[in-house]
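A.B. asks: heads up, no residue letters with this:
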């Protein structure tokens, strides 16, 4: 009976995704919000899982998870570990006909606004990638008729794994052999292979506890997840546990882990048999400091799984990631892991292999770093010109994001709603004891539009009904 009710609830997932005026995650968000407010989803009702919803709507899990996170942030739903998402009792159909408050009216305006400048997107700049060159490599791969008639190797094409080993040793001081490399379509697909191999470790501590996509997978496999700061309060990481770290992106807007902290973590891992999962996210985009050797290299390959991706360096749509397993996990992987089919395109693996061998990847890296370093600098300058002393730009040490601290008596979330109502999408960041922050990606908006986009952001924040007290014309 309960299974039938769950199927009936899951069948309701049919939002209209045709509205071009809203991002897809906002359309999913508005659909569920309407069901909750009208009482069609009662308090305590379980909504479709992220995986099921993404499959039914033919959307990415990230899109659906973003919508769910927004619903949870506003109190419409709550996540129960190892169970799913449930409707809360704070909003019910009984009050659906009452007059909306001023705050709700303002929020509806933000929801319905057409986003003209999307600083919250994970897009890359079109000028960062040479499409014509990549097309040549794809066409060359497609001419290998015989090779394409078979499925790809479960572990990834051998030639690509050899090219990756050479590249990683040269660029990141990673110590590995081709038989230690596993290729997959994205970090999440690799974690689905890895988690069953290390399930007995039971606990996983995250340096960046906001990495929801990773946490969710560990929780689905029965791990207890926690913020590494909570572990430190207890006296350190649990013996035999897992530690997930992004050393080139310690905070969401970019902070590189110092060498002393890397050494300290490695020593603790050796002493307590802790498995380090080093997600080297955005390591290629360190603008203001020299690249620090990987944890995996510093540890001599012991007790460390190295994870990397080309989604930012190439294109997000080229789903190509990899992990280097330590020798201690190889026998178990050979026993179980090879049962997993390869998720990355064989054609793109062949193309990427030759792309690396010809030196194109390193050329692409130089081009992208130069472009994004210039864009981040220009975005910071534009923030100063438009906001004056009412905001401060904090560029990240690595990555694509700039944190803008705003002098305001309101929360970062309220500021982001005002920004959305003005047609500017940003990501809110709340930090204890600090000014409200807004994250802006320098990649997703053209540099030529920074000033007009920031002017719209300024007016949305300081000329809104709540913030007009400090309003006025933008500072030039």
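C.D. replies: Arrived safely, thanks for sending. None of these values were measured; they are calculated from a predicted model.
A.B. asks: the helix or strand in which residue 55 is found packs against which elements?
C.D. replies: Element membership for residue 55 (DSSP states H and E) is helix 50-57. If you count contacts as 3 or more CB pairs under 8 Å, 6 or more residues apart in numbering; DSSP states H and E, helix 50-57 packs onto helix 61-73. To be clear about C-beta, it is placed using only N, CA and C from the backbone, and glycine gets the same treatment.
A.B. asks: the helix it packs on vs helix 50-57, what angle?
C.D. replies: Orientation check (axes from the mean of the first three to the mean of the last three CA atoms, to 10 degrees): helix 61-73 against helix 50-57 gives 120 degrees.
A.B. asks: so which elements touch helix 61-73?
C.D. replies: Applying 3+ CB pairs under 8 Å, 6+ apart, one finds that helix 61-73 makes contact with helix 24-37, helix 50-57, strand 77-80, strand 84-87, helix 212-220.
A.B. asks: which residues touch that helix?
C.D. replies: 24-26, 28-29, 32-33, 50-51, 53-54, 57, 77-79, 85, 122, 188, 212-213, 216, 413 (CB atoms under 8 Å, 6 or more residues apart in numbering).
A.B. asks: what's the answer for stretch 238-247, then?
C.D. replies: 198, 201-208, 211, 214, 218, 223, 228, 231, 237, 256-257, 262, 265, 269, 272-283, 292, 294-295.
A.B. asks: the domain parsing of the protein - what is it?
C.D. replies: The chain resolves into domains spanning 2-98, 118-124+364-470, 131-358 when parsed by automatic domain parsing.
A.B. asks: ramachandran angles for residue 207?
C.D. replies: The phi and psi values for residue 207, taken as degrees, to the nearest 10, are phi -70, psi -40.
A.B. asks: cross-check the contact I'm expecting between residue 45 and residue 85.
C.D. replies: No - counting by CB atoms under 8 Å, residue 45 stays clear of residue 85, with 9.7 Å between them.
A.B. asks: so which of these two has more stuff around it?
C.D. replies: residue 85 (20 against 17; other CB atoms under 10 Å).
A.B. asks: my guess is the more buried one contacts residue 46. True?
C.D. replies: Yes - Residue 85 is within contact range of residue 46, at 7.0 Å (criterion: CB under 8 Å).
A.B. asks: ok, and what's touching the helix or strand encompassing residue 194?
C.D. replies: Per DSSP H and E: residue 194 is located in helix 187-194. Contacts to helix 187-194, defined as CB under 8 Å, 6+ apart, come from residues 61, 182, 184, 213-214, 217-218, 277, 279, 305, 307, 309, 321-323, 333, 337, 340, 343.
A.B. asks: residues contacting residue 345?
C.D. replies: 185, 319.
A.B. asks: relative to residue 186, how far out is it?
C.D. replies: 12 Å (CB to CB, to the nearest Å).
A.B. asks: quick check: neighbours shared by these two?
C.D. replies: residue 319.
A.B. asks: still on that earlier bit, buried ones among the contacts of helix 61-73?
C.D. replies: Among those, those scoring as buried are 24-26, 28-29, 32-33, 50, 53-54, 57, 77, 79, 85, 188, 212, 216 (criterion: 16 or more other CB atoms under 10 Å).
A.B. asks: mean pLDDT lowest where, among the helices and strands packed on helix 61-73?
C.D. replies: Lowest mean pLDDT of these: strand 77-80, a mean of 78.
A.B. asks: in its sheet, which strands sit next to that one, and in what direction?
C.D. replies: Sheet pairing for strand 77-80, assigned by DSSP bridges, gives strand 84-87 (antiparallel).
A.B. asks: who touches the partner strand?
C.D. replies: Strand 84-87 is contacted from outside by 36, 41-47, 49, 68, 71-72, 76-80, using CB under 8 Å, 6+ apart.
A.B. asks: packing partners for the lengthiest helix in the chain?
C.D. replies: Under DSSP state H, the helix in the chain containing the largest number of residues is helix 360-387. Judged by 3+ CB pairs under 8 Å, 6+ apart, the packing partners of helix 360-387 are helix 158-172, strand 391-395, strand 401-406, helix 450-462.
A.B. asks: how far does the second one sit from the chain's center?
C.D. replies: To tie it back to what came earlier, the one meant is strand 391-395. Distance of strand 391-395 from its chain centroid, counting by CA atoms, centre = their mean, to the nearest Å, is 22 Å.
A.B. asks: packing partners for it?
C.D. replies: Applying 3+ CB pairs under 8 Å, 6+ apart, we find strand 391-395 packed against helix 360-387, strand 401-406.
A.B. asks: identify whichever of those lies nearest to residue 89.
C.D. replies: strand 401-406 (33.5 Å; CB to CB).
A.B. asks: and the helix or strand following that closest one, what does it pack against?
C.D. replies: As assigned by DSSP H and E, the chain's next helix or strand after strand 401-406 is helix 412-421. Counting contacts by 3+ CB pairs under 8 Å, 6+ apart, helix 412-421 is packed against helix 102-112, strand 427-429, strand 437-441, helix 450-462.
A.B. asks: selection in ChimeraX covering whichever of the contacts of stretch 238-247 are buried, please.
C.D. replies: Buried subset of the contacts of stretch 238-247, written as a ChimeraX selection, criterion 16+ other CB under 10 Å:
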select :198,201,203,204,205,206,207,208,211,214,218,223,228,231,237,256,257,262,265,269,274,275,276,277,278,279,280,281,282,283,292,294,295
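A.B. asks: from the contacts of stretch 238-247, which ones fall inside strands?
C.D. replies: Residues of the contacts of stretch 238-247 located in strands (DSSP state E): 203, 204, 205, 206, 275, 276, 277, 278, 279.
A.B. asks: kindly reformat those as CSV containing distance to residue 362 and pLDDT.
C.D. replies: Compiled in CSV, the ones in strands among the contacts of stretch 238-247 are given as follows (distance: CB to CB, whole Å; pLDDT from 0 to 100):
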residue, distance to residue 362, pLDDT
203, 38, 93
204, 33, 93
205, 34, 92
206, 31, 91
275, 30, 96
276, 27, 95
277, 26, 95
278, 21, 93
279, 21, 90
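A.B. asks: closest one of those to residue 429?
C.D. replies: Once CB to CB is applied, the member of these that ends up nearest residue 429 is residue 206, at 17.0 Å.
A.B. asks: which regions of the stretch 51-200 of the chain lie under the pLDDT threshold?
C.D. replies: In the predicted model of the stretch 51-200 of the chain, residues 73, 81-82, 90-113 satisfy pLDDT under 70.
A.B. asks: tally up the residues packed near the nearest residue to residue 162 once chain neighbours are set aside, please.
C.D. replies: Nearest in space to residue 162, with sequence neighbours left out and distances taken as CB to CB, 6 or more residues apart in numbering, is residue 178 at 4.9 Å. The local packing of residue 178 (other CB under 10 Å) involves 17 other residues.
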